[in-house]
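Enquirer: Let me see the structure of the following:
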Amino acid sequence: MPPAICCIGHITVDTVITPQTFVTMPGGTAFYFSMALTHMPVRCLLVTAMAASEAPVADRLRKKGIAVQVLPSPSSVHFENRYGDNPDQRSQRVLQVAAPFNAADFSGVEADIYHVGPLLAGDFSVDDFRILSAKGKLSLDVQGFLRRVVDQRVVAADWKEKQDVLPFVHFLKASEEEMEVMTGTGDLERGAKTLAAWGAKEVIITLGSRGSVVYDGDRFYIIPAYKPSQLLDATGCGDTYMAGYLFQRSLGAGIQEAGEFAAAMATLKIGISGPFAGTLEDVQAVIAGNEVLPNEPREMIAGNRL
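Expert: Numbering: from 1, shown residues only. The predicted model follows:
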């Protein structure tokens, strides 16, 4: 039986505004991550919370083969994501929030890896992470813990429980900007090592079109970004990356191989509107084509050249 990956997080209502498009669609880590995994040979489980009005989204995921546990919530999270000409940058507003999770919500769920995708600071408690880490390897996309909502606007703020939670985390994913908010440094090497010193076993720092870096407490792995066919919709690219990365790691792939697979999935995702819709063969073709974008991290990490 293939390994099981469980994602825990809210499904959102997303309004995505780019210079070319204006669309409303389901979103959030839970949606983009789970939808990406439906195209891979892996069992995917989802624990989410949303309003009854969004039930068709859960049905759509079930039809894709995902086991979905929906928790009741008086409302769903509603994000507005606005992009300019640079797809690596966006502004956000939160128009509506949902009920937080608690440990009882996933007590009966069994998986090899648990990927937690908070969207806002209050979605999960320290105790939730302690319990999940005892059940399997814990993966965390830290993005939501660094969000504060001020007059509907999302602003970056540090995460005060970070040193309490990170010892429970095996896979930690953060963007370069999120790393700086947490560690107080924009130096890639120093920031990744600080997060590892706080307890994370594999620190994954995404750099948008400049690729990504993974630090396992011993060495740095430089992951390229592949050239996309077009830049259409960057929403969910980080979630797609983590779906590919955890899928490969669950199969026993090494960090470099998993990172390149994840980067190729993200490249395919940015070329379409909505969630990842490619195949395993599509991802392999991107890697085989080896058309990569300029990659700065190699020069940014002294003494760790590959």
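Enquirer: now this structure, which segments are flagged as low pLDDT?
Expert: Along the chain, the parts satisfying pLDDT under 70 run over 1-3, 87-88, 296-300, 302-306.
Enquirer: and the longest helix out of those in it, which residues are buried?
Expert: Longest helix in the chain by number of residues, with DSSP state H as the criterion: helix 255-270. Applying a neighbour-count criterion of 16 or more other CB atoms under 10 Å, one finds 255, 257-270 buried in helix 255-270. Heads up, the C-betas are built off the backbone N, CA and C, glycines and all.
Enquirer: And it, what does it pack against?
Expert: Counting contacts by 3 or more CB pairs under 8 Å, 6 or more residues apart in numbering; DSSP states H and E, helix 255-270 packs against strand 212-215, strand 220-223, helix 237-250, helix 280-289.
Enquirer: what's the neighbour count on residue 182?
Expert: 22 (other CB atoms under 10 Å).
Enquirer: And for residue 213?
Expert: 27.
Enquirer: same check, this time on residue 60
Expert: 14.
Enquirer: how far away is it from residue 186?
Expert: 40 Å (CB to CB, to the nearest Å).
Enquirer: Could you do residue 157 as well?
Expert: 17 Å.
Enquirer: Same check on residue 127?
Expert: 32 Å.
Enquirer: got it, and residue 46?
Expert: From residue 46 over to residue 186 (counting by CB to CB), the distance is 34 Å.
Enquirer: Looking only at neighbour counts, state which of the two leads.
Expert: Neighbours were counted for residue 46 and for residue 186 using other CB under 10 Å; residue 46 has more, 26 against 11.
Enquirer: Please give me every residue in contact with the more buried one.
Expert: Applying CB atoms under 8 Å, 6 or more residues apart in numbering, we find residue 46 in contact with 6, 7, 8, 30, 34, 61, 66, 67, 68, 69.
Enquirer: For the fifth one, pull up the helix or strand it's in.
Expert: Element membership for residue 34 (DSSP states H and E) is helix 29-37.
Enquirer: now the angle between helix 255-270 and that helix, please.
Expert: If you take axes from the mean of the first three to the mean of the last three CA atoms, to 10 degrees, helix 29-37 sits at 100 degrees to helix 255-270.
Enquirer: Now the terminal residues of stretch 231-245, how far apart.
Expert: Across stretch 231-245, the terminal residues are separated by 22 Å (CA to CA, to the nearest Å).
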